[in-house]
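Q: Got a sequence here, can you build the structure:
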Amino acid sequence: MKVAVLGSGNGGLACAYELVQHGREVALFDLPEFPAQIAAVAEAGGITSTGALEGFSPIAYSGHDIAAAMDGADLVLIVGPAFATPPMAQACREHLRPGMAVLVCPASCAGALTFIKEAGLGSQDDVIVGETSTLPYAVRIVAPGTIRIFHRLISGTFLAATPQSGTDRLFAMVEDVWPLERANNVLQTTLQNGNPVIHPAVSLLNAGAIDRGGDFLFYEEGVTEGVGRLIEAVDRERLAIAETLGVAALSEPALGVHQGYMTEENYSTGYSKAPGFRGIGAQTLLDHRYLTEDVGYGLVFLTDLAQRIGVATPVMDSVIALASVVLARDFRGEQARTLETLGFGDLTVEELQAL
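A: As a prediction, this is how the structure comes out:
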């Protein structure tokens, strides 16, 4: 099987590395404005991994030619932050062909629906599009073409396709690579995304330290009892959205234990003492995806969804407001990702559940 991995960040390199380890031929693509890792992988002929997974994986192609990357691909893997999904979809839309499958990893809230819209796919197109609830790694690039995998999930990566009839086929294409679990629909994968619950809370309550350069460990030192209470309050609102929609969702600490990140099912020491988060440093700027993505795309989408179904989200709303003040931008007003911008603004609860 040939896989085109679109995205050369932390997750893209990790996915490309492990796909090769499981016998896939992998082509790596990124947009021209992100040349560093593409060039490094091309020069080395592959990707080196350290940490939880160690070794070298040869990459068949690494470059900025989308046609070359997607030539003969059975699966297209979109790996990157939420803002990367639209331009990636637009880049590859002319190269999608019947029978191809696309997996947005991770969803970052409605990733599959975003891809379908931006790629201009219709019901007549024989292309399966799905998403995962999370990236199956905690991983960072530590040198050109080299990654360190802090933790590889043992379970708890949920996958769904839209339409739902495509889930089994997409699952079969990657089930030997990652410890996946079938989700009922893309609402479940989207609502099981923990990043908007955790990252903004920790970032905002450690804003001063981050503004001074972020010289601390994000989870081990950044999560205290007080920070944990904010994470819990946001999580309770996420779970209320899921319950109203009839979607099965684990609490974030329960999911963390299920995934092997954590050993304690609570909102404070569960994170600060988590083996899977050990050694992960804080970001050095507040203008970082922990706010720009997880608030601007994640919490904005979740609160929009909540409003449509009558669930109050005062804590999420407060986090959006504070993040907007701290970064001097209007995340709510930007509407980077809402049901309306995705073309689903008029759907009923039943219609949303059928996506």
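Q: show me the residues around the spatially most central residue of the chain that make contact.
A: Centroid-nearest residue in the chain, with C-alpha atoms, centre = their mean: residue 106, separated by 2.9 Å. By C-beta atoms under 8 Å, 6 or more residues apart in numbering, the contact list for residue 106 reads 11, 131-135, 193, 195. The way it works is simple: take the backbone N, C-alpha and C, and place the C-beta from them, glycine included.
Q: what's the single longest helix in this protein?
A: The longest helix of the chain (DSSP state H) is helix 225-245.
Q: Can I get the contacts of residue 106 in a markdown table including secondary structure?
A: A markdown table is the format used below for those (DSSP: H, G, I helix; E, B strand; the rest coil):
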| residue | secondary structure |
| --- | --- |
| 11 | helix |
| 131 | strand |
| 132 | strand |
| 133 | coil |
| 134 | coil |
| 135 | coil |
| 193 | coil |
| 195 | helix |
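Q: and the residues you listed, which are buried?
A: 11, 131-135, 193, 195 (16 or more other C-beta atoms under 10 Å).
Q: Near residue 350, how many other residues are there?
A: By other C-beta atoms under 10 Å, the residues close to residue 350 number 8.
Q: Tell me which helix or strand it sits in.
A: helix 349-353 (DSSP states H and E).
Q: one step back: and the residue nearest to the centre of the chain, how far from residue 58?
A: 26 Å (C-beta to C-beta, to the nearest Å).
Q: Which parts of the stretch 1-150 of the chain are helices?
A: 10-21, 36-44, 66-70, 85-92, 111-119 (DSSP state H, counting those that start in this stretch).
Q: Mean pLDDT per element in the protein, and the minimum belongs to which helix or strand?
A: Least confident helix or strand, the chain: helix 349-353 with a mean of 81, by mean pLDDT, DSSP states H and E.
Q: Residues in contact with that one: which ones?
A: Against helix 349-353 from outside (C-beta under 8 Å, 6+ apart): 185, 187, 244-247, 309, 344.
Q: Kindly recompute the last result at 7 Å.
A: Applying C-beta atoms under 7 Å, 6 or more residues apart in numbering, the contact partners of helix 349-353 are 185, 187, 245-246, 309.
Q: which of those has the most neighbours?
A: Busiest of the contacts of helix 349-353 [other C-beta under 10 Å] is residue 187, holding 24 neighbours.
Q: which SSE is that one in?
A: Short version, using DSSP H and E: residue 187 is in helix 186-191.
Q: The closest residue to residue 314 other than its chain neighbours - how many residues pack around it?
A: Leaving aside its sequence neighbours, residue 314 sits nearest to residue 237 (C-beta to C-beta, 6 or more residues apart in numbering; 7.9 Å). Per other C-beta under 10 Å, the neighbour tally for residue 237 reads 22.
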